[in-house]
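Novice: Structure of the sequence below:
(one chain, ligands or ions: 1)
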Amino acid sequence: MAGRAPSSHRRARSRPGLRFAVVAGRFNESITKRLLDGALHALDAAGVAEKDLEVHWVPGAFELPQAALHLARTRRFAAIICVGCVIRGQTPHFDFVAGQAAAGIQRVGLDTGVPTTFGVVTALTEAQAWERAGGDVGNRGQEAAYAALEMAEFAQRHAPTARPRPIDARPPRPRGPAKRARR
Ligand code: INI
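Specialist: Take a look at the predicted model:
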């Protein structure tokens, strides 16, 4: 699939103090380093301070959701960006690794409510992977960072609040036995 991320992503700004984590797979490391660079560049351009940013490495794309889940559960991050690179070989291994990485990353976001984005290149050849890691087809890490910035803002805007009371409602009655006034 070749496509371009929406240009509106490039205007993304982060609110001061929002923290982001990037999880990167070491498998195909020369490519995932480029994806990580793209993600860090996007976060920096959006105003995310270095102190509000963490990078964590894991063995491969299969481990990305596991690490993202641990980080999401800390509730320290506004969003988590996963970057990895899966290149098809001679066996169905690719389908399992790529499929489980995608499904797992989606699940982390849905189960925890912490936006968790997919910056994993899935390519048939190494040349295709390079095209998506800063080459002719863009940088999937950078695009995943833009998506994380936008979804972090969305999650902040729609954070659960106390249920609003109707304007004319009486104040709630205190629960339990009324305390006797001291003399
Ligand atoms: N991991 C990747 O990130 N990319 C690959 O292309 C890949 N291939 O082809 O095997 C890969 N495999 C390792 C996998 O992610 C796990 O680290 C490993 O299976 C241990 O759980």
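Novice: if I look at the residue of the chain found nearest the ligand, how far off is His93?
Specialist: The minimum distance from the chain to the ligand, using C-beta to the nearest ligand atom, falls at Gly60 (2.4 Å). For glycine as for every other residue, the C-beta is placed from the backbone atoms N, C-alpha and C. Per C-beta to C-beta, to the nearest Å, Gly60 is found 11 Å from His93.
Novice: quick one, which of the two is more surrounded?
Specialist: The residue with more neighbours, out of Gly60 and His93, is Gly60; 17 against 11, by other C-beta atoms under 10 Å.
Novice: OK, contacts around that one?
Specialist: Applying C-beta atoms under 8 Å, 6 or more residues apart in numbering to Gly60 gives the contacts Gly25, Arg26, Phe27, Gly84, Val97.
Novice: for it, phi and psi?
Specialist: Gly60 adopts backbone torsions of phi -150, psi -180, taken as degrees, to the nearest 10.
Novice: same thing with Ile81?
Specialist: The phi/psi pair for Ile81 (degrees, to the nearest 10) is phi -110, psi 130.
Novice: Touching, it and Pro115? I think so.
Specialist: No. In this structure, Ile81 is not within contact of Pro115 by C-beta atoms under 8 Å, at 9.1 Å.
Novice: which neighbours do the two share?
Specialist: With C-beta under 8 Å, 6+ apart, Ile81 and Pro115 have common neighbours Ala148.
Novice: Gly17 touches Asp52, doesn't it?
Specialist: Yes. With contact defined as C-beta under 8 Å, Gly17 reaches Asp52; the gap is 6.8 Å.
Novice: Looking at these two, which has the bigger crowd around it?
Specialist: Taking neighbours as other C-beta under 10 Å, Gly17 and Asp52 compare with Asp52 leading, 18 against 10.
Novice: confidence score at the residue of the chain closest to the ligand?
Specialist: On the pLDDT scale, Gly60 is placed at 97.
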